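> The following block contains a protein sequence and its predicted model.
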Amino acid sequence: MASRGELLYPEDDRVFLEPYLPVLNRQSTDSGIPFVTLTFATSLDSALSLAPGVQTALSGPQSKAMTHYLRCRHDAIMVGVGTAVADNPSLNCRIQGVGGYGGEGLNGQPRPVVVDPQGRWQLTSETKILNLARQGRGKAPWIVTAKTPSAENAKLLEEVGGCYIVLGSQAQMSEGKTSIAWLDILRTIKETGIESIMIEGGGVIINSLLSVENADLINSVIVTIAPTWLGQGGVVVSPPRSEGSSLPVARLQRTKWQQLGDDVVLCGTLKA
Ligand SMILES: NC(=O)C1=CN([C@@H]2O[C@H](COP(=O)(O)OP(=O)(O)OC[C@H]3O[C@@H](n4cnc5c(N)ncnc54)[C@H](O)[C@@H]3O)[C@@H](O)[C@H]2O)C=CC1
Ligand SMILES: Nc1nc(O)c(N)c(N[C@@H]2O[C@H](COP(=O)(O)O)[C@@H](O)[C@H]2O)n1
C-alpha cells in the first residue's frame, strides 16, 4: 500500500519500458554524453500546457506513476527555466521504496537540472525543490547558466548543496536570447558523472531537441498522450523543419504503445 503521496507503478508495466531505458547499473560509456530520454505529456493537439507559464495536468494517475518510475531510472532530470518558473516543480521521484520516499538515503532520486542561461529563476523560501532537498526528499538542484548568478540565488542554492554550472563561454546571443549548444550542455553534464538524464520539457527545450540538428543526441522518447484537446494558444510540441535536410523533421523508430488508464504511452528511439 502506498503512503505519503507515494505512487505505484506495477512490475508488469515496467517490463514494457525496459528497451527504452538506460541499462541498470551500467558502467560509464565513452560516448561523451549521457543516455538521453525525452519524455513529456501531451494533449491530442500536441499541447504541453494551456498557455506559456500555466501548469496543466495531463497525465492520469497511472501514467504519472510511470513518469515517476522513469525518474528513478535516470541519474538526472532536466527542465527549462520556463517550466521551473511556471510549475515550481518538485522533480523528485515519489515511487514507493525510492530514497526519500521509504527507501534509504537518496538512493534512486534523480538530480534536478534546470537550464536558465540568463538567471531568470528567482529562488525563494517557496521554491519546492529547495525545500525537498532540505527535507531529504530529493536531491539539490544544479542550474546551468551563462551568467554569474545573483548572490541571493547562489546562497539559497549552496545552503541545500546545489550549485551553478556556468557555461558563459559556450553561450551564444541571438535576437536577445541566450542559447547554449545541446552538445555542450550534455557533455558538461556527463563530465560531472551523470550517465543518464531524462528531459521533461517544456516547449522550447523539446522543440529544439527534436530539431533534426539535435535529434541524434536523444536515445529514447516516451510520450504520454492524454485523451483530450487543450485548444488554441497552448505551448505545443512542433519542432522546426530543417529545409536543407532529406529528412526535414525527426521520426521515431522501434515504436511501441502501452495503455495506462485512459492515457496512451508511446515509446520510440531516435539515435541511429
Ligand atoms: N506536459 C508536460 O509534460 C510538460 C509541460 N510543461 C509546460 O511547458 C511550459 C513551459 O515551457 P516553455 O515556456 O517553452 O519553457 P521551457 O521550460 O522549455 O524553458 C525555456 C527556456 O529554457 C532556456 N533554454 C532552453 N534551451 C536552451 C538552450 N539550448 N540553451 C540555453 N537556454 C535554453 C531558455 O531560457 C528558454 O527560454 C509550462 O507551461 C509547463 O507547465 C513543461 C514540462 C513538461
Ligand atoms: N508527465 C507529466 N504529465 C503532466 O500532466 C505534466 N503536467 C507534467 N509536467 C512535468 O512534471 C513536472 C512537475 O513535476 P512534480 O510533480 O512537481 O515533481 C513539471 O514541471 C513538468 O516537467 N509531466
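Sure thing, it's come through. Residues are numbered from 1 along each chain as shown. Ligands and ions are numbered 1, 2, ... in the order given.
> how about E18, phi and psi?
Backbone torsions for E18, taken as degrees, to the nearest 10, come to phi -50, psi -40.
> switch to numbering from 632
All right, first residue 632 from here; so that's E649.
> contacting residues for it?
Counting by CB atoms under 8 Å, 6 or more residues apart in numbering, E649 touches no other residue. (Each C-beta comes from the backbone N, C-alpha and C, glycine too.)
> Tell me how far it lies from ligand 2.
Distance from E649 to ligand 2, counting by CB to the nearest ligand atom, to the nearest Å: 19 Å.
> what about that residue, distance to ligand 1?
Taken as CB to the nearest ligand atom, the span from E649 to ligand 1 is 22 Å.
> Number of residues surrounding the spatially closest residue to L901 that is not a sequence neighbour?
For L901, ignoring the flanking residues on the chain, the nearest one in space by CB to CB, 6 or more residues apart in numbering is I849 at 4.5 Å. Neighbourhood size, I849 [other CB atoms under 10 Å]: 22.
> Please apply the same query to S800.
Counted with other CB under 10 Å, S800 comes out at 8.
> ok, now which ones touch the residue in the stretch 732-881 of the chain positioned nearest to ligand 2?
Nearest to ligand 2, among the residues of the stretch 732-881 of the chain, is E831, at 3.7 Å (CB to the nearest ligand atom). By CB under 8 Å, 6+ apart, the contact set of E831 is 670-671, 698, 708-710, 714, 722.
> for W813, same thing?
W813 sits next to 839-840, 845, 848 when contact means CB under 8 Å, 6+ apart.
> mind listing which of the contacts of E831 are in strands?
Counting by DSSP state E, those place 670-671, 708-710 in strands.
> Can you lay out the residues you listed as TSV showing distance to E790, neighbour count and pLDDT?
Shown next, in TSV, are the ones in strands among the contacts of E831 (distance: CB to CB, whole Å; neighbours: other CB atoms under 10 Å; pLDDT from 0 to 100):
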residue	distance to E790	neighbour count	pLDDT
T670	30	23	98
F671	31	23	98
I708	21	27	98
M709	22	27	98
V710	21	24	98
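> ok, and which of these reach ligand 2?
V710 (CB under 6 Å from any ligand atom).
> and which of the ones in strands among the contacts of E831 is nearest to I853?
T670 (4.3 Å; CB to CB).
> and that closest one, bridged to which residues?
Beta-bridge pairing for T670 (DSSP bridges): I853.
> can you confirm H705 is in a strand?
No: H705 sits outside any strand when classified using DSSP: H, G, I helix; E, B strand; the rest coil, being coil.
> list the contacts for it?
Here H705 is in contact with 653, 666, 668, 741, 827-829 (CB under 8 Å, 6+ apart).
> Pretty sure the residue nearest to L901 sits against K902.
Yes: I849 is within contact range of K902, at 6.4 Å (criterion: CB atoms under 8 Å).
> Give me every residue in the stretch 682-831 of the chain lying close to ligand 1.
683-686, 689, 710-714, 717-718, 746, 748, 809-811, 813, 831.
> PyMOL command for the buried members of those residues?
Paste this into PyMOL to select the buried members of those, with burial taken from 16 or more other CB atoms under 10 Å:
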select buried, resi 689+710+711+712+713+714+717+718+746+748+809+810+811+813+831
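> Narrow the residues of the stretch 682-831 of the chain next to ligand 1 to those in helices?
Judged by DSSP state H, those include 712-714, 717-718, 813 as members of helices.
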